[in-house]
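1. Starting from these lines, generate the structure:
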Amino acid sequence: MSTDYMCHCWTTDVVQLVIGTSQGEIIVCNMNGEFVINVPDAPRSPINCISSWGRGIILAGEGGKIYPYETTQNES
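-> Predicted coordinates:
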C-alpha cells in the first residue's frame with residue numbers, strides 16, 4: 001500500500017475519509033483515521049482529486065480521466 005497520498009475527502013453518506021495515492025490506490029479510513037479497506041478496483045494510475053457526491057465519490061486521474069464510485073450497502 002502506497003503512502004504517497006495525493007488527495008483526500010470526507011464522504012457525506014457515511015463519515016469516512018477517502019484517500020487517493022500516486023499509485024492509483026483508493027484507501028478508505030473511518031472517522032478516527034483507522035484503515036477500513038483498500039478499494040480493489042481502483043484505477044492504478046495517479047489520483048489527483050477526490051470529491052464526495054450524493055451516491056459516493058468521483059475521482060479525477062491522470063490524463064483527465066474521471067472515475068465515479070457508488071457506495072453500496074456492504075461498504076457502509
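2. Now do the closest residue in space to Asn30 that isn't next to it in sequence against Leu59, distance only.
-> Excluding the flanking residues, the one nearest Asn30 by Cβ to Cβ, 6 or more residues apart in numbering is Val36, at 5.5 Å. C-betas here are computed from N, CA, C, even on glycine. For Val36, the distance to Leu59 equals 17 Å [Cβ to Cβ, to the nearest Å].
3. and the two? which has more neighbours close in?
-> Neighbour totals were compared for Val36 and Leu59, and Leu59 leads with 23 against 13 (other Cβ atoms under 10 Å).
4. mind checking the SS state of the more buried one?
-> Classification of Leu59 by DSSP: H, G, I helix; E, B strand; the rest coil places it in strand.
5. what's the answer for the one 4 residues further on, then?
-> Gly63 carries the three-state label helix when classified by three-state DSSP.
6. Fine, thanks again, bye for now.
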